[in-house]
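A.B. asks: Show me the folded form of this:
(one chain, ligands or ions: 2)
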Amino acid sequence: MDTESFFIAEIAVLAPLPHCLSYLLPPSCLDGEVVGRRVQVPLGGRSAVGVVVAVSQKPAPDYALKSVTIFLDDGPVLTPQLLAFVRRAAAYYCHPFGLALKTALPSGLTQLKPPPVKQVTVYRTTEKSDRPRGHLQRDLLDWISDQGSVSLEQIRQQFAQPHAALKRLEEQQWLASCVATRHRDLFTGQAVVADSAPSLSEEQAAAVQAVADALTRGRFCPFLLQGVTGSGKTEVYLQSIACCLEQNRQALVLVPEIALTPQLVARFRARFEGAGRHIGVLHSGLSDGERHDVWRRINRDDIDIVIGARSAIFAPLMRLGMIVVDEEHDDSYKQGEGFRYQGRDLALLRGQMEQVPVLLGSATPSLTSFVRAREGQLQRLLLTRRVAERTLPAVELVELGGEELMPGALSPTLHAALEQTLQRGEQALLLLNRRGFSPYLLCRDCGTSFRCPNCDITLTWHRSRGLLRCHYCDYQQPPDETCSNCGGAALEPEGVGTEQLQQALQELFPAARIARMDRDTTQAKGAQQQLVERMANCEVDILVGTQMVAKGHDFSGVTLVGIIDADAALNFPDFRAAERSFALLAQVAGRAGRGERLGRVLVQTRTPDNAILHCAVSHDYQAFADQELPVRQLLDYPPYGYLVNLVLSGLNRQQVEEQAQWLAAALTPDTAVEILGPAPCPLFRLRNRYRMQILLKAPSRPPLRQLLNQLLRLAVRLPSQVRLAIDVDPVDMM
Ligand code: ADP
Ligand code: ZN
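C.D. replies: Ligands and ions are numbered 1, 2, ... in the order given. Modelled structure (predicted):
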C-alpha cells in the first residue's frame, strides 16, 4: 500500500517558544523557494507570523498536525544563510529563535498586515514644444525637466506656492502626472556633489591593500583598523568597499546610532552614487514603513551598500562581500533589552559564516579587540598620523578644588579659554554627560531630594519644562511647592546639567551663539541634523552637549574642546568605567583641531593624578591598555574571562529575592565557573520591578555554555511572576 507522503515545514514562529514548530504545507504552497518565506500559522487559537526554516517530505504523521494558513510574501525575506546566522546568534545569546527573528526583521514584516505602501503623485514634462508665459510656470517646467520626474513634496521644497502653476501646466499639457509607488527614503531630495577617491597615504594604502587581498581570497578575515581620530579611517572603508563592489559583491557598514548622520551617508553617496550604486540606510529614526521599504529593496537586490546602526547586521544582503564596523568600541552596538546581542560580535560571526572580511575600526579599540589583535586573531592595520600633517590637539588637565567655580561649573581657566576662542571667531565644544538643568532638586533644610516612585533613582530637574523627570522610566512630575519630608519651602537645584551650562554660558557670553545637543534637544526628526549643519556652517559659537557631541562629527572650525566633569565617567560603578572614560575623552578631544588651526582641549577634574586621564592627555592608547589590562586579568574580567549576567525581576520583592536564592543554589557549575551573588542590582528597583542579579564568570566559554544549558532547563521552573533576563557578554550591569 502506498503511504501518502506529506510536506512538513519546520517553522520559527515569532513568539517566545523554545523550539520551532512543525506544520503541514499544502501542496499548492510548494512552487518556488519556500525556506525563508513568511507564513501565517494557527497558534493556540489565534494566528501568528512565522518563517519557514526547513521543509521535509515525510509519511503522514500519526498525530494531528495543523496546516500553514497562507504565505505572506511572494518570495523569501531571509536567505538560508541569514536564517542560519540568526539561529546561531539566538543560541549564543540564549534567546528564543522566533523572537530573535522578530528583532532581526523590520517591524512591518513581523505583523500579519504590512504597513501601507505610499503612493505619491509624480510629475513629468511632456513633449509639448511651445513654452508657458508665466515666470513661475517656466521656472517650474525647466526645473522639472532637469530633474526627470519629481514628487509634489520635492517641488514644494523648491517653490513656495506651486499649486496654481502646476494645475495650469497640467491643464495645458506641459506636464503629465501619474501615481507611483515611491520608496520612502530619508535622503531623497538631497543632492550630493560627486567626489572622487583621493590618493591614499602609505598607511591607508597598505590597509586598503590588505582588505582587497582578503576580498580576492574570498575568506573570512577579521581586521582591526586602529587609527587616531582624523587619520582617514573612513577613506579606508570607502576604498575597500569600492574593491568589494568591483567584485560584484555588496557591503554592509555598521556605525553607532548617533554617528549615523546625513553627513556620513552623504560621503558614501558622493563616492558611489555617481557610479550608479544604490545605498540603503537603516536606523531607528525611520518609520516602520521606511524601514520596510529599505528591507524590501535589499530583498530585491536593489542595494549595493547598506549603512545602518546595530540591527542592520541582519540586513538580508544576498551577495555580501564585506562588513565594516566603525567605532567598534562603542557600547551602543550592544542591545540592552530583549535579544541582547552585540552587533560587533555578530559582525564577526556573520563574516565567519559567510566567509567574508570584517573590518573593525576605531581610534580607541575595545580592550577585547585590542587583545585579540595582539594574539593574532584579528589582523591589525595601523594609521598613526592625522591626514595632511594635522597634529593632535594639546590636552591639558585643569585641577578643580582650589579656586571657586563660575556658574555652569566652569573653571576660570576654561572660562578664559572660551573668551579667547570667541574673540578669534573660532568654535568651542563643551562636553557634559548629564542632561537636564541639574541632577537633583534638594531641600535646603533637610537635604531630601525628589525620587522616582518607580525606580531607585533621583529625578532630574528640567527647568525649562518645569518638570522633574526619571531618565530610566520617563516618569515626570512638576516639583511640589514644599519638601515632602520637612515641609521646608527652599528647594534648590544641586549639580549641573547641560541645560544649566547652556544658560550660564549665555549669561557669561551674551553675544555668543550657544546651542545644545542632547536627547532633549534632538527628539524631533531632523533636529540633530539641523544642529550639526548650523555648527558646520559656523552659525554656532559654542556647542554644549552630552556624549552625542563626541561621536564622529567633523567640525573643522572647532579649536577648543572643554570637558566639564571628567570624574563622572571615571567613578561609574562598572568594571568598564576606565575603558569608557578613556574612549570618551579621546573621542571628544579628537573633535578639536580637525581644520587648519591647532586645537586645544581642557579637561576639568578633581583627580588630576588619575592614570587613565594621563593616558588620555598624551593620546596614548598603548599606555592605557598597559594600565588597564593587568586589572582585568587579575579579576578574570573580559577580555581574559567571560561573563553572563542573570537578572531576575518581579513586582514582589520577597519573591524575587527567594527565587534568586533558589536559582543560584540550583546551578551546579563546573569548578571553572564562578557564581557571584545573588545580589541586588545596582539599580535595585526599575519601573516598579525589584531586581536581583547573579553573575557567572569563567576563564573560557565551554563550561559557561554547559551551565547556561542547565540554566535554561531550570528557568522553566521559575514562577511566571518572576522574569529572568540572560545577558551574555554584558556591557551595562546596572
Ligand atoms: P577618520 O574616519 O579616521 O576620523 P576621515 O576618513 O574622516 O578620518 O578623514 C579625515 C579627513 O581627511 C576627511 O575630511 C577626509 O576627507 C580627509 N582625508 C582622508 N584621507 C585622505 C587622503 N588620503 N587625502 C586627502 N584627504 C583625506
Ligand atoms: Zn523611574
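A.B. asks: Now do the same contact list for the residue nearest the centre of the chain.
C.D. replies: The centroid of the chain falls nearest to residue 257 when counting by CA atoms, centre = their mean (3.2 Å). Counting by CB atoms under 8 Å, 6 or more residues apart in numbering, residue 257 touches 283-284, 309-310, 332. Using the backbone N, CA and C atoms, a C-beta is placed for each residue, glycine as well.
A.B. asks: cool, residue 65 as well?
C.D. replies: 6, 8, 22-24.
A.B. asks: again with residue 365
C.D. replies: Contacts of residue 365 by CB under 8 Å, 6+ apart are 224, 226, 328-329, 373, 621.
A.B. asks: before we move on, back to that, tell me the pLDDT of the residue nearest to the centre of the chain.
C.D. replies: According to the prediction, residue 257 has pLDDT 81.
A.B. asks: Find the closest residue to ligand 2 in the stretch 101-250 of the chain.
C.D. replies: Taking CB to the ion, ligand 2 has its nearest neighbour within the stretch 101-250 of the chain at residue 103, 24.8 Å off.
A.B. asks: Quick check: bridge partners of the closest residue to residue 679 other than its chain neighbours?
C.D. replies: Excluding its sequence neighbours, the residue lying closest to residue 679 (CB to CB, 6 or more residues apart in numbering) is residue 693, at 6.1 Å. Residue 693 has the following beta-bridge partners by DSSP bridges: residue 647, residue 679.
A.B. asks: From residue 410, how far out is residue 617?
C.D. replies: 20 Å (CB to CB, to the nearest Å).
A.B. asks: Between these two, which has more neighbouring residues?
C.D. replies: For residue 617 versus residue 410, neighbours defined as other CB atoms under 10 Å are more numerous around residue 410 (24 against 17).
A.B. asks: what are the ranges of the helices in the stretch 451-600 of the chain?
C.D. replies: 498-508, 527-536, 566-570, 577-589 (DSSP state H, counting those that start in this stretch).
A.B. asks: hmm, the last one in reach of ligand 1?
C.D. replies: In this case it means helix 577-589. No - judged by CB under 6 Å from any ligand atom, helix 577-589 makes no contact with ligand 1; its nearest approach is 9.9 Å.
A.B. asks: Who are the packing partners of that helix?
C.D. replies: strand 427-431, strand 558-563, helix 566-570, strand 600-605, helix 611-617, helix 621-634 (3 or more CB pairs under 8 Å, 6 or more residues apart in numbering; DSSP states H and E).
A.B. asks: one more time with 7 Å, if that's ok
C.D. replies: Packing partners of helix 577-589 (3 or more CB pairs under 7 Å, 6 or more residues apart in numbering; DSSP states H and E): strand 558-563, helix 566-570, helix 611-617, helix 621-634.
A.B. asks: same question, the second one
C.D. replies: When contacts are defined as 3+ CB pairs under 7 Å, 6+ apart, helix 527-536 sits against strand 514-517.
A.B. asks: What average pLDDT does the strand it packs on get?
C.D. replies: Strand 514-517 comes out at a mean pLDDT of 94.
A.B. asks: what number of residues lie near residue 424?
C.D. replies: Counted with other CB under 10 Å, residue 424 comes out at 11.
A.B. asks: actually residue 173, not the one I typed
C.D. replies: 10.
A.B. asks: pretty sure it is in a helix, no?
C.D. replies: No - counting by DSSP: H, G, I helix; E, B strand; the rest coil, residue 173 is not found in a helix; it is coil.
A.B. asks: So it versus residue 125, what's the distance?
C.D. replies: For residue 173, the distance to residue 125 - CB to CB - is 10 Å.
A.B. asks: same deal with residue 350?
C.D. replies: Taking CB to CB, one finds residue 350 at 46 Å from residue 125.
A.B. asks: These two: which is more packed in?
C.D. replies: Higher neighbour count among residue 350 and residue 125: residue 350, with 25 against 19, using other CB under 10 Å.
A.B. asks: Low-confidence ranges, the stretch 1-150 of the chain, go.
C.D. replies: Within the stretch 1-150 of the chain, the segments meeting pLDDT under 70 span 1-4, 29, 114-118, 120, 148.
A.B. asks: hmm, try it at 80
C.D. replies: Along the stretch 1-150 of the chain, the parts satisfying pLDDT under 80 run over 1-5, 27-32, 59-63, 113-118, 120-122, 127-129, 146-150.
A.B. asks: So which of the contacts of residue 65 belong to helices?
C.D. replies: Residues of these located in helices (DSSP state H): none.
A.B. asks: which of the residues you listed has the most neighbours?
C.D. replies: residue 23 (23 neighbours).
A.B. asks: quick one, what contacts that one?
C.D. replies: Neighbouring residues of residue 23 by CB atoms under 7 Å, 6 or more residues apart in numbering: 9, 11, 41, 65-68.
A.B. asks: now, among those, which is nearest to residue 716?
C.D. replies: Distance to residue 716, by CB to CB, is smallest for residue 11 among those, at 21.7 Å.
A.B. asks: what does the stretch 501-650 of the chain put close to ligand 1?
C.D. replies: residue 554.
A.B. asks: residues near whichever residue of the stretch 551-700 of the chain sits closest to ligand 2, how many?
C.D. replies: Of all residues in the stretch 551-700 of the chain, the one sitting closest to ligand 2 is residue 687 (6.5 Å; CB to the ion). Counted with other CB under 10 Å, residues neighbouring residue 687 total 15.
A.B. asks: now swap in residue 18 and tell me
C.D. replies: 10.
A.B. asks: Tell me who's in contact with the residue nearest to it when sequence neighbours are not counted.
C.D. replies: Spatially, and ignoring its direct neighbours in sequence, residue 18 is nearest to residue 96 (6.2 Å; CB to CB, 6+ apart). Residues near residue 96 by CB under 7 Å, 6+ apart: 16-18, 90.
A.B. asks: hmm, back to that, the residue of the stretch 551-700 of the chain closest to ligand 2 against residue 454, yeah?
C.D. replies: Yes - between residue 687 and residue 454 there is a contact at 5.3 Å, judged by CB atoms under 7 Å.
A.B. asks: ok, which residues in this protein are in contact with ligand 2?
C.D. replies: 452, 454-455, 470, 472-473, 475 (CB under 5 Å from the ion).
A.B. asks: Now render these as a markdown table, adding pLDDT.
C.D. replies: Below are the residues of the chain next to ligand 2 laid out as a markdown table (pLDDT from 0 to 100):
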| residue | pLDDT |
| --- | --- |
| 452 | 91 |
| 454 | 91 |
| 455 | 91 |
| 470 | 92 |
| 472 | 87 |
| 473 | 85 |
| 475 | 90 |
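A.B. asks: which of the residues you listed lies closest to ligand 1?
C.D. replies: Comparing these against ligand 1 with CB to the nearest ligand atom places residue 472 closest, at 32.8 Å.
A.B. asks: how is this structure carved up into domains?
C.D. replies: Domains of the chain are assigned by automatic domain parsing as 5-109, 118-182, 202-387, 390-438+495-630, 642-728.
A.B. asks: Quote the end-to-end distance of the third one.
C.D. replies: In this case it means domain 202-387. From its first residue to its last, domain 202-387 covers 11 Å (CA to CA, to the nearest Å).
A.B. asks: Please apply the same query to the fourth one.
C.D. replies: Start and end residues of domain 390-438+495-630 are separated by 33 Å (CA to CA).
A.B. asks: can you start the count at 30 instead of 1 from here on
C.D. replies: Taking 30 as the first residue, the last one we looked at is domain 419-467+524-659.
A.B. asks: where does that domain sit relative to the chain's centre, distance-wise?
C.D. replies: Offset of domain 419-467+524-659 from its chain centre (CA atoms, centre = their mean, to the nearest Å): 21 Å.
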